[in-house]
Every structure is written in structure tokens, then in C-alpha cells.
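In: Sequence and predicted structure, then a few things I'm wondering about:
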Amino acid sequence: MTERTTPETHVIDFRAAEHLLDAGDPRGAIKLLDSVISAHPENTAARLLRARAFFATAQLRPAELEFQLVLEREPDNAFAHFALARTLQRAARPTEALRHFRLAAALDPRPDFVAAARFGERG
């Protein structure tokens with residue numbers, strides 16, 4: 001008997017991937033999200049979750065690409081800017097990171113975003 005996927009199974013996989021990431025299993029989350037994104041490449045929430053999972057496994061280039069795709073679709077997503085900045089920072093690209101930290105803080109002045117933006121400094 002072959003396994004059938006439906007929109008409902010993709011929702012279940014997405015929710016399970018959230019739980020796996022929260023529980024410290026980002027690789028398991030990526031595995032589940034790959035099938036969700038294959039079936040629904042336009043699903044920005046799934047792409048953002050997969051980007052976070054890539055970041056958690058230190059797969060910086062795939063994380064960067066996913067965060068950039070999210071930002072192409074949602075340029076005002078402050079969290080995606082912040083997460084991309086952290087990815088770039090971890091990849092030793094501080095100038096690019098600072099730009100996205102500042103965009104995140106401008107879009108959402110949360111204290112952690114503002115602190116990372118270092119507005120008083122040149123960059």
C-alpha cells in the first residue's frame with residue numbers, strides 16, 4: 001500500500017516539525033518540512049521554519065537562501081531580517097548582518113532587535 005499525502009498530512013507534518021525544532025531535533029524538522037515545501041513551495045511559514053532548522057544545524061548557506069526567499073515574499077518580516085542577520089553574522093559577514101539587524105529593528109523596535117542594530121555605531 002502506498003502512502004498518500006493530503007493537505008491535512010502537510011499541516012500535521014508542519015506542526016510536528018515545529019515541535020521537533022522546539023525539542024532540539026532540527027534535522028528531523030528539516031526532513032518533515034522538505035515534503036511540505038515540495039508540495040507547497042509558496043508556503044512562507046514552512047520556509048521560515050526550515051530556515052530556522054537549517055540555522056540550528058549550522059547549515060548557514062541553506063538557511064541564508066531560505067531567509068532571503070521569505071524576505072522576497074515578505075520584505076517587512078522583521079524576524080526574517082533578524083534571523084538572516086544572525087546567519088550572516090555566524091558566517092563572518094558582519095557588514096551584511098548589520099544591515100539586516102537594522103532593518104529588523106526599524107520594522108519592529110523590540111529590545112533585542114534594537115540592541116543588535118547598534119544604531120549609534122557606524123557599519
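Out: Everything's here; your move.

In: Tally up the residues packed near T95, please.
Out: Residue neighbour count, defined by other CB atoms under 10 Å, stands at 8 for T95. Any C-beta I mention is one placed from the backbone N, CA and C, and that applies to glycine too.

In: One more: E64?
Out: Neighbour tally, E64, other CB under 10 Å: 21.

In: For the helix ranked longest in the chain, give the mean pLDDT please.
Out: For the chain, the helix with the greatest residue count under DSSP state H is helix 7-22. Mean pLDDT, helix 7-22: 93.

In: got the contact list for that helix?
Out: Contacts of helix 7-22 with the rest of the structure, by CB atoms under 8 Å, 6 or more residues apart in numbering, involve 26, 28-30, 32-33, 35-36, 39-40, 43, 45-46, 49-50, 52-53, 56.

In: Return the list of helices and strands in contact with the next helix or strand after it.
Out: Sequence-wise, the next helix or strand downstream of helix 7-22 (DSSP states H and E) is helix 26-39. With contacts taken as 3 or more CB pairs under 8 Å, 6 or more residues apart in numbering; DSSP states H and E, helix 26-39 sits against helix 7-22, helix 44-56.

In: hmm, 10 Å instead?
Out: helix 7-22, helix 44-56, helix 60-73 (3 or more CB pairs under 10 Å, 6 or more residues apart in numbering; DSSP states H and E).

In: Next one: the residue nearest to A117 when sequence neighbours are not counted relative to D76, how far apart?
Out: Nearest non-adjacent residue to A117, counting by CB to CB, 6 or more residues apart in numbering: A105, 3.8 Å away. From A105 across to D76, the span is 13 Å (CB to CB, to the nearest Å).

In: tell me the contacts of the closest residue in space to L33 that isn't next to it in sequence?
Out: Sequence neighbours aside, R50 is the residue nearest to L33 in space, at 4.3 Å (criterion: CB to CB, 6+ apart). Applying CB atoms under 10 Å, 6 or more residues apart in numbering to R50 gives the contacts 14, 17, 21, 26, 29-30, 32-34, 36-37, 43, 59, 62-63, 66-67, 69-70.

In: and R50, what pLDDT?
Out: 98.

In: Could you do G123 as well?
Out: For G123, pLDDT reads 52.

In: and what of R110?
Out: pLDDT at R110 comes out at 95.
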